[in-house]
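Trainee: Sharing a model that was predicted from the sequence below.
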Number of protein chains: 2
Amino acid sequence: MNSRGTRTREAIVDVAMRMASMVGLEGLSIGALANKLGISKSGLFGHFQSKENLQLAVLDAAEQAFVDDVVRPAVQAPRGLPRVRAMLERWLAWARGEGGCLFVSASAELDDRPGPVRDHVVSSQRRWAETLARAARIAVDEGHLVEEADPEQLAFELYSLMLGAHHYYRLLADPATLDRVEAGFTSILARVVRADITPPALDRDVARLPVRELS
Amino acid sequence: MNSRGTRTREAIVDVAMRMASMVGLEGLSIGALANKLGISKSGLFGHFQSKENLQLAVLDAAEQAFVDDVVRPAVQAPRGLPRVRAMLERWLAWARGEGGCLFVSASAELDDRPGPVRDHVVSSQRRWAETLARAARIAVDEGHLVEEADPEQLAFELYSLMLGAHHYYRLLADPATLDRVEAGFTSILARVVRADITPPALDRDVARLPVRELS
DNA sequence: CTGGAAAACGAACGGTCGTGCGCTAACCTG
DNA sequence: CAGGTTAGCGCACGACCGTTCGTTTTCCAG
């Protein structure tokens, strides 16, 4: 059903997602959001019954977008190292989008504030870490990585690399960030890649331009 | 001079620092802060002439504490790899303190909000990255690391590792975080440490317990 | 001990926050 | 085209925000 209510609700969440990427999930204000959409506060409020519901809806939409723009395309890459590489590239592109990665800001914002919103962020971030680990495990199975390679450890190191990239790029505005990430990726792989495999380099063209203009 | 005004001002900043570690620099509210201190809003406000000044004072105090608890003790470690290791250990301990690292939350919070507060965070984070890089450079000079090792790259990778630790520990509450960091540290060093040197492992006892009970 | 300076106070300002209510206007089914 | 459902609006609420002001208390030097 594509009724009126559904359409505006989607429009609201869409704009809210962009806004939350810049001011954070807490910083999201219903008044400002309604203003930007040209509708009334109460009209907007009626679609969600609380601010928390709005935040959860935003997180749902953001995860959906993340899957569409990062996970799904990356999974279409060949199994093993190329897929791992694709994930990092797409993630990098995503994080460079407008306002940076919503999940990164939300994570830092909520790491000490219990509640459903935090729970939602935690579980989605855990899912993503598991997805990364799964891709790494496949790389072992495919014979790209040595048997002793620990997929979870790989996921942790890739995750860390991306957080570093986010900080260096968005906060410190370091122009060498892409080089740093590339070198870091190489360094991480160096110890686990099989001797007869040449580790893939990052595709700068993918990583350079944002997949979408949102977090 | 240790007059009354100075003393209460210090007390305010001290509590504000703890509070900001949990609710963020923006989330810091003058009313709530005054409440927790048992003084009046206006009495508190008089010490700073704006909320922004208060935030800047908190950042100053936090950097001072970071230098005292992390940088200075680490610099007393022997030049080279031991010092690099000490920095990571102390940083880890610091980040595990109450509310996590204030700078991590502030960084994510402010990465898109220009102004003096952001500028303050950026420059202090840059200084810290440079301190890390300097320690790495010394490790090269001391012959612990190979000549081709890039100190700035090392700093980036250590920085990233810490951000990853912060997320895994504080958000995902992964009990294996310390192992992950240790393995990551080993992995980072593996490619740059000279063949005749045995890379140091992290001292868990230092990393385990918070240096102080604040961010 | 006193007088002036410094610090803390209480009350209030204009704003914005999230939320609720009642009414009108738009939609969509029958 | 009618009638009921639903979406949107205006208004107002209580709470809290940062900030200001005038007053009262506390301090400390002469």
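Mentor: Perfect, thanks for sending it. Predicted, not measured: the structure shown is a model, and the values here were computed from it.
Trainee: Please make it C-alpha for all contacts and neighbour counts, starting now.
Mentor: OK.
Trainee: pLDDT on stretch A:61-70, on average?
Mentor: Stretch A:61-70 shows a mean pLDDT of 97.
Trainee: ugh, wrong one, I meant stretch A:88-104
Mentor: Stretch A:88-104 shows a mean pLDDT of 92.
Trainee: Could you do stretch A:150-161 as well?
Mentor: In this model, stretch A:150-161 has a mean pLDDT of 98.
Trainee: what's the answer for stretch A:175-185, then?
Mentor: Stretch A:175-185 comes out at a mean pLDDT of 97.
Trainee: Flag every buried residue along that stretch.
Mentor: A:177-178, A:180-185 (16 or more other C-alpha atoms under 10 Å in any protein chain shown).
Trainee: Only the buried residues of the biggest helix by length in chain A, if you could.
Mentor: Ranked by residue count, the top helix of chain A under DSSP state H comes out as helix A:116-141. Neighbour-count burial for helix A:116-141, with 16+ other C-alpha under 10 Å as criterion, is recorded at A:117-119, A:121-122, A:124-126, A:128-140.
Trainee: Quick one: check that helix for contact with chain B.
Mentor: Yes - judged by C-alpha under 8 Å from any C-alpha of the partner chain, helix A:116-141 comes into contact with chain B at A:122, A:125-126.
Trainee: So which of those is the closest to DNA strand C?
Mentor: Nearest to DNA strand C, judged by C-alpha to the nearest atom of the strand, of the residues of helix A:116-141 next to chain B is residue A:122 at 21.6 Å.
Trainee: my guess is residue A:203 contacts residue A:89, does it?
Mentor: Yes - look at residue A:203 against residue A:89 with C-alpha atoms under 8 Å: they come within range, at 6.9 Å.
Trainee: the more surrounded of these two?
Mentor: More crowded of residue A:203 and residue A:89, by other C-alpha atoms under 10 Å in any protein chain shown: residue A:89, with 24 against 14.
Trainee: Doesn't residue A:196 lie inside a strand?
Mentor: No - secondary structure of residue A:196 (DSSP: H, G, I helix; E, B strand; the rest coil): coil, not part of a strand.
Trainee: which parts of chain A sit against DNA strand D?
Mentor: Counting by C-alpha under 7 Å from any atom of the strand, the positions of chain A adjacent to DNA strand D are A:3-6, A:8-9, A:38-44, A:46-47.
Trainee: Between those, which has the least confident prediction?
Mentor: Of all those, residue A:5 has the smallest pLDDT value, namely 78.
Trainee: that older thread, show me the residues of chain A next to DNA strand D that map onto helices.
Mentor: If you go by DSSP H, these have A:4-6, A:8-9, A:41-44 in helices.
Trainee: when you scan the longest helix of chain A, is anything in it near DNA strand C?
Mentor: No - interface with DNA strand C: helix A:116-141 contributes nothing (C-alpha under 7 Å from any atom of the strand), its closest point being 12.9 Å away.
Trainee: Run through who's touching the following helix or strand past that helix.
Mentor: Where DSSP states H and E defines the elements, the next helix or strand beyond helix A:116-141 is helix A:151-166. The contact list for helix A:151-166, computed with C-alpha atoms under 8 Å, 6 or more residues apart in numbering or on different chains, reads A:88, A:91-92, A:95-96, A:100, A:104, A:129-130, A:132-134, A:136-137, A:177-178, A:180-181, A:184-185, A:188, B:156-157, B:159-165, B:180, B:183-184.
Trainee: now with 6 Å?
Mentor: A:132-133, A:136-137, B:160-161, B:164 (C-alpha atoms under 6 Å, 6 or more residues apart in numbering or on different chains).
Trainee: which of those sit farthest apart?
Mentor: For the contacts of helix A:151-166, the maximum inter-member distance is 22.4 Å, found between A:137 and B:160 (C-alpha to C-alpha).
Trainee: that older thread, show me the subset of the ones in helices among the residues of chain A next to DNA strand D that also lies near DNA strand C.
Mentor: Answer for these near DNA strand C (C-alpha under 7 Å from any atom of the strand): A:4, A:41-42.
Trainee: and the helix or strand encompassing residue A:61 with helix A:116-141, angle?
Mentor: For residue A:61, the element it lies in under DSSP H and E is helix A:51-66. Calculated by axes from the mean of the first three to the mean of the last three C-alpha atoms, to 10 degrees, helix A:51-66 forms an angle of 20 degrees with helix A:116-141.
Trainee: show me the contacts for residue A:122.
Mentor: For residue A:122, the contacting residues are residue B:172, by C-alpha under 6 Å, 6+ apart.
Trainee: before we move on, back to that, please convert the buried residues of stretch A:175-185 to CSV, extending it with distance to residue A:82 and secondary structure.
Mentor: Formatted as CSV, these follow (distance: C-alpha to C-alpha, whole Å; DSSP: H, G, I helix; E, B strand; the rest coil):
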residue, distance to residue A:82, secondary structure
A:177, 21, helix
A:178, 18, helix
A:180, 20, helix
A:181, 16, helix
A:182, 14, helix
A:183, 17, helix
A:184, 16, helix
A:185, 13, helix
